[in-house]
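Participant: when you get a sec, could you give me coordinates for this:
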Amino acid sequence: MKKWIGGLVSLLVLVLLIFVFTRKVERESASDSDSAGGVDAGKLVGPLAGDEALYAVTIKTTQRSSGKEGTVVSLTGVLAQRKQGDNDYVSEWREISSLVLLDQAVDAVTTQSLIKKPMISSLENGELHHYLPKDFPSVLLTFQLSFLNKFLVPVKADGTQAILRTEKDEAGTVKVQYDFTTEGQNQRVVKTLDRYVQDAVKIDAEDNMIRYVLTAEHRVITIKGLLTTHYREPQSIHFTTSIDVSFKGSSPSPSLSASKETLDKTDLQRAAARAQEAARPKDAMSYADAMKKVDTIDEKMDGKEVYEVFSAIKADLIAHPENAQVLIDKILSTKERSEGAQRKMAVLFGVLAQSQTPEISDALAKLANDCPDNFCKVQAMIGLNDHPVPTAQSASEMLRIASQTNDTEISGTALLAAGSVAKKLPDDTTVSKALVATFNDSSKATNKDTVVAAMGNHGSADYFGPLLDSLKSADASTRASAAYSMRYLPNAEVNPTLIGVMKSDKSVEVQREAVKAMAYRNLSGEEYLTVAQQAMGSPDRDLQQDAARILVSAYRDNPAAAGPALDAMRNGATNPDIKNYIEGELKPATSTPGGPGLQ
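Facilitator: Model prediction:
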């Protein structure tokens, strides 16, 4: 299994993170009793179904890093919106009184270029699709799309049941929950962010929701939200977005209209690709040159040159996904398996893995079947494992391959990929049922450890029982894998279970994996304190180091919860390296960012 897991990081992959969330707003503004600021939501009056409505909007996005804070973008203005047809919403800015970008006030010309530019947001099969003017300022494109995704609720209540969904925003792919309450003629909706599928992004324990009051016709009356995300890579940065929207008035004779034919269909992925392409140096390698160079890649080629080839082909594929077949043909025509040939294939698979097109995930799944040998098949499955927008069909193909082969390398890699794909899907029940069934199938006992790892890649609530059973195994490696595989599970019992492992498991290896799993989770102050106490009581230096790093990371996210635990560990640590590390991290922001590192 180590071979398969190790392979997951062997592929050349460029991770694109789009930083758009920001600054901490006063807690009082976000903790109102409801999105109507304490007012009876059932008595609020909003626009009628056909009205053109005006909204007062304030949205602010800031960032905090190494103790310094700054505004990424901030806008105060008036938005007009009307419903056009059954599923289209037309919006335009009527007034912008304040616009700040990267701590600088935006000039009047750019601000004015946003006014009276109609946009269409279309609700299609439960997903929002946006159509913006062709001349919309590119520097504000991601911001505008992010705002529209927050302004509109893409789902409607099905009774009073909560709706769980997977959505995409500027930070990546996120699991969200919508809760509905009917009050009078209106409806409260609470959108809560649960977790991002990207390990580098963690949702704040407290600032994680947007509250809406909507009319019976699904028109906005008020919106209040505070969202904080914590980025781990490439450095520790914390982003907070606050949004405040209130209905001002409406007109039954709307003047606002637009046609999709005159607008550009775009989304955050396309906007990111456009921004990335615009940011490429003018003298960067062209796609044509890169395709010539890729055939010359060998074990001696300089890593920088390989990266330039990768970047040029990737930029082209995001803009022109139809070129994927050219890369696939090159992969299948490469018969050598020398070190240089494998390096070339890693570049090609890495490009496919970083595409933004779901159909390319299906192409990777097909390659996992069509490739002539295990090296090629495994690379395809690793690429699928990393693909940002995979399909349910891709997951099904991985399950099929795993069930129909006796090759443990292929079946194991396919199961791991199925788990990773399912983590990004809106409906992941097919994979969770299949993995639980495989776990319980005595004839597939040799795959059990791999299934446990695949469950960890996925993170479904269905896995708590099987993983809890695995924690009772006589084999320490199995228990360690089960502990770490609990990292994404939404079950309330997970945190106490992991802390129990720290307290009672005799294996330091298992204890360390439990601590590492906690890095992905939000713990209470009492739970963080218990982690510190257990780590200080352990004679194992590595366990103490793991706990110290996790507490420092938690402290950066939530000082109130993790601060006492980190202070207790600093004061109680007998290892001077750990004490120095913590003290370095707790120094004022004027000190060197990051402090001294553990040896």
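
Participant: so which bits of stretch 551-559 are buried?
Facilitator: Leu551, Val552, Ser553, Ala554, Tyr555, Arg556, Asp557, Asn558 (16 or more other CB atoms under 10 Å). C-beta: built from backbone N, CA, C; applies to glycine.

Participant: can you flag which of those belong to helices?
Facilitator: Here DSSP state H is the test, and those give Leu551, Val552, Ser553, Ala554, Tyr555, Arg556, Asp557 as lying in helices.

Participant: what ranges do the strands span in this protein?
Facilitator: 52-65, 68-84, 88-101, 104-105, 119-124, 127-132, 163-169, 172-183, 186-196, 201-214, 220-231, 237-251, 264-266 (DSSP state E).

Participant: next up, the contacts around Lys579.
Facilitator: Lys579 sits next to Arg570, Ala573 when contact means CB atoms under 8 Å, 6 or more residues apart in numbering.

Participant: confidence score at it?
Facilitator: For Lys579, the pLDDT comes out at 87.

Participant: re the thing from before, rebuild the buried residues of stretch 551-559 as TSV, extending it with pLDDT and distance to Val508.
Facilitator: Listed next are the buried residues of stretch 551-559 as TSV, based on pLDDT from 0 to 100; distance: CB to CB, whole Å:
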residue	pLDDT	distance to Val508
Leu551	94	18
Val552	91	21
Ser553	89	21
Ala554	90	21
Tyr555	89	24
Arg556	85	26
Asp557	86	26
Asn558	86	27
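
Participant: and these as TSV, adding distance to Lys150?
Facilitator: Listed next are the buried residues of stretch 551-559 as TSV, based on distance: CB to CB, whole Å:
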residue	distance to Lys150
Leu551	32
Val552	31
Ser553	27
Ala554	27
Tyr555	29
Arg556	25
Asp557	22
Asn558	23
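
Participant: closest to Thr262 among those residues?
Facilitator: Minimum distance to Thr262 across those is 44.2 Å, recorded for Asp557 (CB to CB).

Participant: doesn't Val201 make contact with that closest one?
Facilitator: No - applying CB atoms under 8 Å as the test, Asp557 and Val201 come out as separate, 11.5 Å apart.

Participant: overlap in contacts, the two.
Facilitator: Common neighbours of Asp557 and Val201, counting by CB under 8 Å, 6+ apart, are His230.

Participant: which residue is most remote from the mean position of this protein?
Facilitator: Ser253 (41.2 Å; CA atoms, centre = their mean).

Participant: may I see the buried residues of stretch 566-574?
Facilitator: Neighbour-count burial for stretch 566-574 [16+ other CB under 10 Å]: Leu566, Asp567, Ala568, Met569, Arg570, Ala573.

Participant: for the fifth one, what are its contacts?
Facilitator: The neighbourhood of Arg570, defined by CB under 8 Å, 6+ apart, consists of Lys579, Ile582, Glu583, Leu586.

Participant: could you redo those as TSV and give each row distance to Leu48?
Facilitator: Compiled in TSV, the contacts of Arg570 are given as follows (distance: CB to CB, whole Å):
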residue	distance to Leu48
Lys579	65
Ile582	59
Glu583	61
Leu586	56
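
Participant: buried subset of the residues you listed, written for PyMOL?
Facilitator: The PyMOL selection below is limited to those of those classed as buried (16+ other CB under 10 Å):
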select buried, resi 579+582+586
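
Participant: okay, how far is it across stretch 161-179, tip to tip?
Facilitator: 7 Å (CA to CA, to the nearest Å).

Participant: with stretch 501-509 instead?
Facilitator: Its first and final residues considered, stretch 501-509 spans 11 Å by CA to CA.

Participant: name the surrounding residues that touch that stretch.
Facilitator: Contacts of stretch 501-509 (CB under 8 Å, 6+ apart): 471, 476-477, 479-480, 483, 510-511, 514-515, 530-531, 534-535, 538, 540, 542-543.

Participant: now render the buried residues of stretch 566-574 as a markdown table, adding pLDDT.
Facilitator: Listed next are these as a markdown table, based on pLDDT from 0 to 100:
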| residue | pLDDT |
| --- | --- |
| Leu566 | 92 |
| Asp567 | 90 |
| Ala568 | 91 |
| Met569 | 91 |
| Arg570 | 89 |
| Ala573 | 80 |
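
Participant: the strands of the chain: which one's closest to Val436?
Facilitator: Closest among these, once you apply CB to CB, is strand 163-169, at 18.3 Å.

Participant: that closest one pairs with which strands, parallel or anti?
Facilitator: strand 172-183 (antiparallel) (DSSP bridges).

Participant: just the angle for the partner strand relative to strand 220-231, thanks.
Facilitator: Strand 172-183 and strand 220-231 are oriented at 150 degrees to each other (axes from the mean of the first three to the mean of the last three CA atoms, to 10 degrees).

Participant: now do the buried residues in strand 172-183.
Facilitator: For strand 172-183, by 16+ other CB under 10 Å, it's Gly172, Thr173, Val174, Lys175, Val176, Tyr178, Asp179, Phe180.

Participant: quick one: the third one and Lys191 touch, right?
Facilitator: Spelled out, it's Val174. No - if you go by CB under 8 Å, Val174 and Lys191 don't touch, sitting 10.4 Å apart.

Participant: so where's the chain uncertain?
Facilitator: Residues of the chain meeting the criterion pLDDT under 70: 1-39, 159-160, 233-235, 272-280, 587-599.

Participant: residues in contact with the residue lying closest to Ala547 once chain neighbours are set aside?
Facilitator: In space, Ala547 comes closest to Ala535 once its chain neighbours are excluded; the distance is 3.4 Å by CB to CB, 6 or more residues apart in numbering. For Ala535, the contacting residues are Met502, Val515, Leu543, Gln544, Asp546, Ala547, Ala548, Met569, by CB under 8 Å, 6+ apart.
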